[in-house]
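Participant: Here is my input, please return the structure:
(one chain, ligands or ions: 1)
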Amino acid sequence: MNYMDEFRDRDVVLGYAAQIRKLSEQRPEPMAFMEVCGTHTMSIYQYGIRSLLPEGVRLISGPGCPVCVTPNRYIDRAIAISRLSDTIITTFGDMLRVPGSSSSLMEERARGADVRIVYSPLDAVAIARKNPCKRVVFLGVGFETTAPAIAASILAATGDGLANYLVLAAHKTIPLPMELLSSDPELKIDGYICPAHVSAIIGANAFRGLAEQRGVPCVVTGFEPADVMQGVEMLVRQVVEGKSRVENQYSRVVTWEGNCKAQSVLAQVFSVCDAEWRGIGVIPGSGLEIAADYAAYDAEKVLPVSVEETREHQGCRCGDILRGKVSPFDCPLFDRACTPESPVGACMVSSEGTCAAAYKYGR
Ligand code: SF4
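Facilitator: Okay, here's the model as predicted:
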């Protein structure tokens, strides 16, 4: 089976659209479902999924882009570290352009800082091996999907006895903000399109508390248009039937238990901590910090730097967008002062950011 064409089949997608329309007629009140994965956000804009849904079924983009939810305070700290002598910052490309309070890593690089894009944390370990007289700091940003690879890089550095490899960790875990947002009376979320990549690691069982105790239907959903439409159909069906459970639409990739090996690496290298989310604030227990046994690799502990006072960008509504309160089109800067070439806020930087997706596909 070709996993592209079948899941992009027009007739299959329109078939789900018809089923959703029919089901939604059984419920007079409108329904709202949130996605908390940047790849879903992109897919929804790219394939025009909203235009296929009836008026009473609304999709809301939530805090799904890891670069976007990383607060300015973290960017400012990375910038302060990049200004230290004999220091190489290594990062995935998106972080380079995220504006901090008064600068960005891109600007710091233009001023002479050694900031390098890598495609894997193990590339950063290799740079540390080649540069024993410098410290190499990897910017550890992301959800449960990227955290295992970063944990593995710390284990690789430990195995090699590398003392010059460090991680500035800001990993976040997704189920707790989902719980928090589900109790926001203004949002009135009727169900979640659960993230696919994250679920491949943590397993579909991770959403049982949300569905079974808090009464919020959850469907782990793939990324192709037929996946998303089927995921929405399954959510609408649960709401109409008055059910609340976890379903796994993406069973060709996601299991109920998840990836036990990745979970065990995470548990070895990281400890649970409170984490600050852009626009949401601090959510207790929603982050991963480097565990005490690996503290020698923790850039925040090893490199005390003075970090400037955090400032948000005037007029930018990233915080409201990440909480699902507004859409990019409600931001007065969208497609005016703020574009992917000249982003004002984080949500316009990453291709998975809601503003970037709306700019590319939704205008
Ligand atoms: S359009 Fe730009 S300024 Fe407006 S919320 Fe999005 S990222 Fe922020």
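Participant: Contact partners for the residue in the stretch 251-363 of the chain that the ligand sits nearest to?
Facilitator: For the stretch 251-363 of the chain, the residue closest to the ligand is G345, as judged by Cβ to the nearest ligand atom, at 2.7 Å. The way it works is simple: take the backbone N, C-alpha and C, and place the C-beta from them, glycine included. Each residue near G345 by Cβ atoms under 8 Å, 6 or more residues apart in numbering is listed here: P99, H313, C316, R317, C318, L333, C338, C355.
Participant: Can you pick out the most distant pair from those residues?
Facilitator: Greatest spatial distance in the contacts of G345: P99 and R317, 14.3 Å, computed using Cβ to Cβ.
Participant: Comparing these two, which residue is more hemmed in?
Facilitator: Applying other Cβ atoms under 10 Å to P99 and R317 shows that R317 carries more neighbours, namely 24 against 21.
Participant: Go ahead and confirm that one touches D330.
Facilitator: Yes: using Cβ atoms under 8 Å, R317 is in contact with D330, at 6.6 Å.
Participant: Next one, pLDDT for N2 please.
Facilitator: Here, the pLDDT recorded for N2 equals 60.
Participant: helix or strand right after whichever strand or helix holds M42?
Facilitator: In this assignment (DSSP states H and E), M42 forms part of helix 38-46. Downstream of helix 38-46, the first helix or strand assigned by DSSP H and E is strand 57-61.
Participant: Report the mean per-residue pLDDT for the following helix or strand past that following strand.
Facilitator: With elements assigned by DSSP H and E, the helix or strand that comes after strand 57-61 is helix 66-69. Across helix 66-69, the average pLDDT comes to 94.
Participant: Grab the CA positions of helix 66-69 and hand them over as PDB.
Facilitator: Taking Å, rounded to 0.1, in the frame of the first residue of the first chain, the C-alpha atoms of helix 66-69 are listed here in PDB:
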ATOM      1  CA  PRO A  66       7.700  23.500  20.000                       C
ATOM      2  CA  VAL A  67       9.600  26.600  18.800                       C
ATOM      3  CA  CYS A  68       6.500  28.800  19.300                       C
ATOM      4  CA  VAL A  69       5.800  27.700  22.900                       C
END
